[in-house]
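can't give you the sequence, but here's the structure:
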């Protein structure tokens with residue numbers, strides 16, 4: 001190990017430490033005072049409810065922990081989007097749990113809340129996962145109702161998805177554990193079974209104040225829509241629970257009796273740990289995003305027994321493709337290679353850039369994985385496709401289109417890990433969010449943007465300088481340098497992995513050492529949904 005390895009290790013461990021601190025802060029939701037108020041009412045927090053519900057000491061992954069980060073600051077913020085989403089195990093059955101966080105604006109729905117709920121339902125739909133809703137919400141956040149209510153991907157889409165999941169047999173269970181009002185009342189009632197907690201929970205289309213204003217009727221919320229009303233009079237709910245734990249116990253009992261799902265047939269053998277030391281990933285990944293490095297040692301620290309069978313090893317070297325296993329699951333890996341290499345003609349090729357032959361190799365490999373029914377894992381550290389007259393004349397657009405088409409038409413599940421750069425069309429070709437990866441997550445070292453901060457700042461500076469010149473103005477070298485830094489700082493903030501995670505462009509930011517768990521649980525989930533589409537091999541003719 002050299003000095004650069006040690007510097008890289010220190011840098012990446014610091015990033016992992018910062019991630020852990022941020023996650024600890026986010027886990028407090030609306031803060032300790034609001035948690036205490038919730039406890040005083042005899043209620044558990046969203047995270048406490050999930051902890052109680054899941055099998056003790058079992059694996060779990062959290063979706064969208066950083067949703068809403070540094071957003072809605074004019075309203076006091078919205079940690080985790082006001083809802084906690086976790087994939088975990090109940091009686092050893094994999095489920096996805098959606099729990100409103102009543103410590104964040106009483107669980108009100110911000111735009112990010114709706115987006116995160118829809119993402120949870122999308123995961124359930126794609127993977128046929130049972131979905132559990134722990135409802136405790138004041139409804140839409142009225143100051144932003146125009147961004148929550150009317151559009152296709154807004155609040156109403158939730159109920160459409162409820163109906164879709166019921167039609168294809170995906171189990172949905174709801175526990176009403178606090179407020180459940182207005183349109184939100186449809187979510188638990190469109191579930192297959194609904195539980196309501198006595199005295200602390202209520203469900204109605206309009207609360208007592210609105211009823212008084214609308215029709216002049218005087219009635220209290222408990223009589224209007226409490227547990228006794230809905231379990232004995234309306235028949236809307238199926239079970240009455242005495243408290244939060246009783247409601248969660250009822251969910252456990254229901255889940256324990258769900259039959260086994262159909263199987264997609266992905267191959268799994270007994271898992272093995274990598275032979276190579278996994279912690280060395282921190283040292284191999286360079287601190288600077290523009291430094292070349294060999295991705296192969298990182299792959300060998302992610303895969304079982306550190307075995308990776310390369311496909312077309314000596315061709316298209318700026319992308320590595322090959323077969324491996326992760327936690328026992330067979331996978332096909334497509335990884336950007338960041339080394340400076342030579343092609344068959346002896347020409348130097350820049351690492352992290354996709355050249356024609358690399359795109360061609362990746363497209364063929366993706367087709368092979370679809371033929372063999374092997375899930376795909378994309379390891380992104382890409383600056384884009386090669387540009388310039390030589391590449392254009394050589395058909396880079398055609399070869400890039402071939403790769404994008406092969407990836408987009410893939411019917412086996414895809415999983416995307418953003419290790420470093422994720423720029424421009426490279427993001428698309430390597431299965432960015434727009435291409436429906438089952439899970440997409442980033443390491444703290446990730447950057448997502450059309451291009452890097454320095455390049456973007458140079459382009460924007462040129463535009464600004466040209467604009468000033470047209471007005472007869474000119475920049476001094478000092479002013480030009482100052483403007484460049486201002487532009488770069490603004491742009492760098494937007495390429496941060498936390499900026500992306502806040503907007504759910506990625507499902508999570510994780511410690512690199514958790515990568516195997518995320519991929520394994522993702523494939524396990526995908527294995528519950530049989531493949532019904534046929535891969536279009538004709539795409540290879542693009």
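Received it, and whenever you're ready, just let me know what you need. Bear in mind that the values here come from a model prediction, so they are computed numbers and not experimental data. Residues are numbered from 1 along each chain as shown.

which stretches of this structure have low pLDDT?
Counting by pLDDT under 70, the ranges of the chain that qualify are 1, 183, 393-394, 451-453, 537-542.

centroid residue for it?
residue 507 (1.2 Å; C-alpha atoms, centre = their mean).

my read: that residue touches residue 120, true?
No: the criterion here is C-beta atoms under 8 Å, and residue 507 misses it with residue 120 at 10.1 Å. Just so you know, the C-beta spots here come from the backbone N, C-alpha and C atoms, and that holds for glycine as well.

now do the shared contacts for the two.
residue 63 (C-beta atoms under 8 Å, 6 or more residues apart in numbering).

contacts for the lengthiest helix in the chain?
Secondary structure assigned by DSSP state H gives helix 3-26 as the longest helix of the chain. Identification of contacts with helix 3-26 by C-beta under 8 Å, 6+ apart yields 65-66, 69, 79-80, 281-287, 443-445, 498, 509-512.

so where do the helices sit in the stretch 351-500 of the chain?
In the stretch 351-500 of the chain, the helices defined using DSSP state H, counting those that start in this stretch lie at 356-372, 389-393, 396-408, 424-429, 453-470, 477-494, 497-502.

okay if I get those as CSV plus distance to residue 269 and mean neighbour count?
Below are those laid out as CSV (distance: least, C-beta to C-beta, whole Å; neighbours: other C-beta atoms under 10 Å):
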stretch, distance to residue 269, mean neighbour count
helix 356-372, 15, 22
helix 389-393, 41, 11
helix 396-408, 26, 21
helix 424-429, 31, 22
helix 453-470, 43, 14
helix 477-494, 43, 14
helix 497-502, 33, 22
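
so which of those comes closest to residue 382?
helix 424-429 (3.3 Å; C-beta to C-beta).

on contacts alone, who are the packing partners of the closest one?
The helices and strands touching helix 424-429, judged by 3 or more C-beta pairs under 8 Å, 6 or more residues apart in numbering; DSSP states H and E, are strand 376-382, strand 384-385, helix 396-408.

if you set the cut-off to 7 Å instead, what comes out?
With contacts defined as 3 or more C-beta pairs under 7 Å, 6 or more residues apart in numbering; DSSP states H and E, helix 424-429 has these neighbours: strand 384-385, helix 396-408.

roughly how far is it from the heart of the chain?
Offset of helix 424-429 from its chain centre (C-alpha atoms, centre = their mean, to the nearest Å): 17 Å.

ditto for stretch 285-296
On C-alpha atoms, centre = their mean, the centre of stretch 285-296 falls 24 Å from the chain's centre.

quick one: furthest residue from the center of this protein?
In the chain, by C-alpha atoms, centre = their mean, residue 472 is the one farthest from centre (48.3 Å).

narrow the contacts of helix 3-26 to those in helices?
Using DSSP H, the contacts of helix 3-26 in helices are 281, 282, 283, 284, 498.

buried ones among those?
In these, burial by neighbour count holds for 281, 282, 283, 284, 498, counting by 16 or more other C-beta atoms under 10 Å.

look at the closest residue to the fourth one other than its chain neighbours and say how many residues are nearby.
Which is residue 284. In this structure, residue 284 finds its nearest non-sequential neighbour in residue 297, 5.0 Å apart by C-beta to C-beta, 6 or more residues apart in numbering. When neighbours are counted by other C-beta atoms under 10 Å, residue 297 registers 15.

ok, residue 297 touching residue 283?
No: between residue 297 and residue 283 there is no contact under C-beta atoms under 7 Å: 9.2 Å.

from residue 118, how far out is residue 211?
With distances taken as C-beta to C-beta, to the nearest Å, residue 211 is found 30 Å from residue 118.

now residue 61. Nearest residue, chain neighbours left out?
Spatial nearest neighbour of residue 61, chain neighbours left out: residue 87 (5.1 Å); criterion: C-beta to C-beta, 6+ apart.

identify the bridge partners of the one you found.
Bridge pairing for residue 87 (DSSP bridges) gives the partners residue 61, residue 96.

so what's it up against?
Residue 87 sits next to 60, 61, 63, 94, 96, 521, 525 when contact means C-beta atoms under 7 Å, 6 or more residues apart in numbering.

relative to residue 236, how far out is the fifth one?
What that stands for is residue 96. Where residue 236 is concerned, residue 96 sits at a distance of 24 Å (C-beta to C-beta).

now do the residue farthest from the centre of the chain against residue 188, distance only.
65 Å.

for residue 344, same thing?
In terms of C-beta to C-beta, residue 344 sits 61 Å off from residue 188.

the more surrounded of those two?
Shown here are residue 344 and residue 188; by other C-beta under 10 Å, residue 188 has more neighbours (25 against 10).
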